[in-house]
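Enquirer: fold the following.
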Amino acid sequence: MNFKRSSRRSKIPDVNLVPMLDVLMVVLTFFIIVSMTLTLQQGVEIDLPSDDASPSPEAEPPKVAIIKLDSQGQAQFDDKPAETSALTAQVKAFLAENPKGNVVLQPSEQLPYDQVVTLLGDLKQAGGERVSLAIE
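Expert: Predicted structure coming up:
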């Protein structure tokens, strides 16, 4: 009987890196292609008006009503004294007469901010998005 002698030294296994690198290159290529297709700008095509078209003379600019508040809380609606309690009715009437009109609230810098916010909230309920606060 002939027994093979087992060698005491074990053989170190070889790791073949070529198939692993092939797989990594395929995955890298896939991600590059996918990222290129996802970064293409997508949008909606619209026709913008040209500079040649002049506005029609019939179109009037929208009217703007200015409400001024002084430091004592006294209101003026288009440079006419008004009561703050009657401002919402005046704003509703102005916006009914001018469907494209806007209302701007110009408070004094010394007026407490909570009064401005309260009045602006009341005016917004009366006029919706067409009521704004002047910042200067």
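Enquirer: wait, isn't residue 123 in contact with residue 130?
Expert: No. Counting by CB atoms under 8 Å, residue 123 does not reach residue 130; the two are 9.7 Å apart. Where C-beta positions appear, they are placed from N, C-alpha and C, glycine not excepted.
Enquirer: who touches both of these two?
Expert: Common contact partners of residue 123 and residue 130 (CB atoms under 8 Å, 6 or more residues apart in numbering): residue 103.
Enquirer: so where's this protein uncertain?
Expert: Low-confidence regions of the chain, defined by pLDDT under 70, span residues 1-8, 40-44, 52-59.
Enquirer: need the longest helix for it.
Expert: When the chain is parsed with DSSP state H, its longest helix is helix 18-38.
Enquirer: buried set for it?
Expert: Buried residues in helix 18-38, counted by 16 or more other CB atoms under 10 Å: none are found.
Enquirer: identify all contacting residues around that helix.
Expert: Helix 18-38 is contacted by no other residue when judged by CB under 8 Å, 6+ apart.
Enquirer: may I have that helix as CSV, with CA atoms only?
Expert: Only the C-alpha atoms of helix 18-38 are listed here, as CSV (Å, rounded to 0.1, in the frame of the first residue of the first chain):
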residue,chain,number,x,y,z
VAL,A,18,-10.1,39.1,-13.7
PRO,A,19,-13.7,37.8,-13.4
MET,A,20,-14.3,40.1,-10.4
LEU,A,21,-13.0,43.1,-12.3
ASP,A,22,-15.1,42.3,-15.3
VAL,A,23,-18.2,42.3,-13.1
LEU,A,24,-17.2,45.6,-11.5
MET,A,25,-16.7,47.2,-15.0
VAL,A,26,-20.1,46.1,-16.1
VAL,A,27,-21.8,47.5,-13.0
LEU,A,28,-19.8,50.8,-13.3
THR,A,29,-20.8,51.1,-17.0
PHE,A,30,-24.5,50.4,-16.0
PHE,A,31,-24.4,53.2,-13.4
ILE,A,32,-22.8,55.7,-15.8
ILE,A,33,-25.4,55.1,-18.5
VAL,A,34,-28.3,55.3,-16.0
SER,A,35,-27.0,58.5,-14.5
MET,A,36,-26.5,60.1,-17.9
THR,A,37,-30.1,59.3,-18.9
LEU,A,38,-31.5,60.6,-15.6
